[in-house]
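Participant: coords please:
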Amino acid sequence: MPRAAFVWVILLSSSTFLSPQTPANPNQKFVSIPLADVLPKALARSSLTAPKAEPFHIKLKVRDVLDENSFRQAEIEEYWLSPTLWKRIVTAPNLRQVTTHNASGLHYETTGDYFPQWLSMFVTAIEDPVPANRWAQPGLHLQQRELSPGVPPVACAAVNIHLTETAAPFATLCFSNTKDVLLPTITGPDYQMKFNNYQRFGDKFVPHLYISRLLNTLLVGNIELLEPAKEKEDFFATPASAVDVNPLASFTIAATTVQKMAKPHGEIAWPSVPKGKTSGNITLLVSVDNLGETKEVSVLNSDNARLNEFAREQVLHFLWITAKTKAGDPIQISGPYTLPFQTTIKNQPENLAAVSLSTDELRRHVLSQIKPIYPASATVQHLSGMVYLYAKIATDGSVSRVVVIESSNPSFTKPALDAVKQWKYQPYLLDGIPVEVNTMITVVFNAAGGF
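Facilitator: Alright, predicted model coming up:
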């Protein structure tokens, strides 16, 4: 019996754009492609809510694959008939919100006092996967570059998001293929999403696996149900208790205002560092609930990355003046906050944070990759499929941890794990020091043969 062949693809953990650790190759040629020539095709093919979309009923489960006890667990269910007739039900720990759009407008039924930013990303991924307010602006171009022989060219666009005078992080959008185009990978300070496991739904190819990489967290959304919606118009009626203003809407606040809203806190005793600047600023994106408590913090810009995690932990304990609407109702907010630091240099071992590597970067560090064994049972049934994995590569280049994100068939899971655990890489160095690496790996089993 012929043995079925397999292929594997190393996937990006955050963006396929050049990472800060990878200098651009001056000899590499780029081709400029108007984003407007590609993005509408991707949305028409893969977005559930694109123009002329058919009614759908979806149920998406969100979980933290690195911590099964994490509070970051949620379910999003939506019944969508048209852009003006839909109902969305979001449930998470200490939160339930039903949002209905009908002939009389938007209506909200809410239990809870905070709508997490990480959860908002998955709502956006379903309804507006490539946010138009950022990526529909005229004049944007994709820059396409060849990665290496035999690897499809990647095309990326980037925009600066000017949050403060010193913090203007990039948001990037990358297509792995500009011909049979699907949704791009998107990164940015407020929204990052990778779309995977495309399956046919009507005349579309819809992603069934949504992945968002946050600090120390890998959030995954799995579509558990996707079917044509059959609900009638009366299903979208709302009770008298529903309100017309979203009590958990998050408002973006200017940096100068956020600085003034921080309540006094004790003096911060900054730890010493082995190298880098001893004074400067760390700018963070903070999310604050309607009680003035910090809920989420991420780093936007830093004058010494060795202090990033310490700064983030400090700001998580900050309290803020409660923001209010003109009517006096408290609201949740997000915005950039700059924290100055003053520290000293001390001769001590480096403890650098893990980095995330792109496809091209990881491939250059491969020493050996054991091939997964195609299971006999799958061979008999001529099955093909994919196993999506999260992997951590240790400082010695060995694979220290592998977690299953999704497997299309249980029979493929163990062979994929057994193989990847034996893979070996050259240690990845920052300033000459080995650091851990986070990445995502897709093992593709192909019963038809070939790579």
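
Participant: Which stretches in the stretch 301-450 of the chain count as strands?
Facilitator: Using DSSP state E, counting those that start in this stretch, the strands of the stretch 301-450 of the chain run over 332-342, 355-356, 366-368, 385-393, 399-407, 424-425, 428-430, 433-435, 437-446.

Participant: go on, the stretch 51-200 of the chain?
Facilitator: For the stretch 51-200 of the chain, the strands defined by DSSP E, counting those that start in this stretch occupy 56-64, 74-82, 85-92, 95-102, 105-111, 141-145, 154-160, 170-175, 185-187, 194-201.

Participant: buried stuff in the last one?
Facilitator: Applying a neighbour-count criterion of 16 or more other Cβ atoms under 10 Å, one finds 194, 195, 196, 197, 198, 201 buried in strand 194-201. Using the backbone N, CA and C atoms, a C-beta is placed for each residue, glycine as well.

Participant: I'd like the strands of the stretch 301-450 of the chain as JSON lines, with mean neighbour count and distance to residue 281 appended.
Facilitator: Shown next, in JSON lines, are these (neighbours: other Cβ atoms under 10 Å; distance: least, Cβ to Cβ, whole Å):
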{"stretch": "strand 332-342", "mean neighbour count": "20", "distance to residue 281": "5"}
{"stretch": "strand 355-356", "mean neighbour count": "18", "distance to residue 281": "22"}
{"stretch": "strand 366-368", "mean neighbour count": "11", "distance to residue 281": "38"}
{"stretch": "strand 385-393", "mean neighbour count": "22", "distance to residue 281": "30"}
{"stretch": "strand 399-407", "mean neighbour count": "17", "distance to residue 281": "34"}
{"stretch": "strand 424-425", "mean neighbour count": "19", "distance to residue 281": "35"}
{"stretch": "strand 428-430", "mean neighbour count": "16", "distance to residue 281": "22"}
{"stretch": "strand 433-435", "mean neighbour count": "16", "distance to residue 281": "24"}
{"stretch": "strand 437-446", "mean neighbour count": "22", "distance to residue 281": "26"}
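
Participant: Could I get those in TSV, plus columns for distance to residue 268?
Facilitator: TSV is the format used below for these (distance: least, Cβ to Cβ, whole Å):
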stretch	distance to residue 268
strand 332-342	8
strand 355-356	26
strand 366-368	42
strand 385-393	30
strand 399-407	32
strand 424-425	37
strand 428-430	26
strand 433-435	26
strand 437-446	28
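
Participant: Tell me which of these approaches residue 208 most closely.
Facilitator: Residue 208 lies closest to strand 399-407 among the strands of the stretch 301-450 of the chain, at 8.4 Å (Cβ to Cβ).

Participant: Show me what that closest one is packed against.
Facilitator: The contact analysis (3 or more Cβ pairs under 8 Å, 6 or more residues apart in numbering; DSSP states H and E) places strand 399-407 against strand 204-214, strand 217-227, strand 385-393, helix 410-420.

Participant: That one relative to strand 217-227, how many degrees between them?
Facilitator: On the basis of axes from the mean of the first three to the mean of the last three Cα atoms, to 10 degrees, strand 399-407 is oriented at 20 degrees to strand 217-227.
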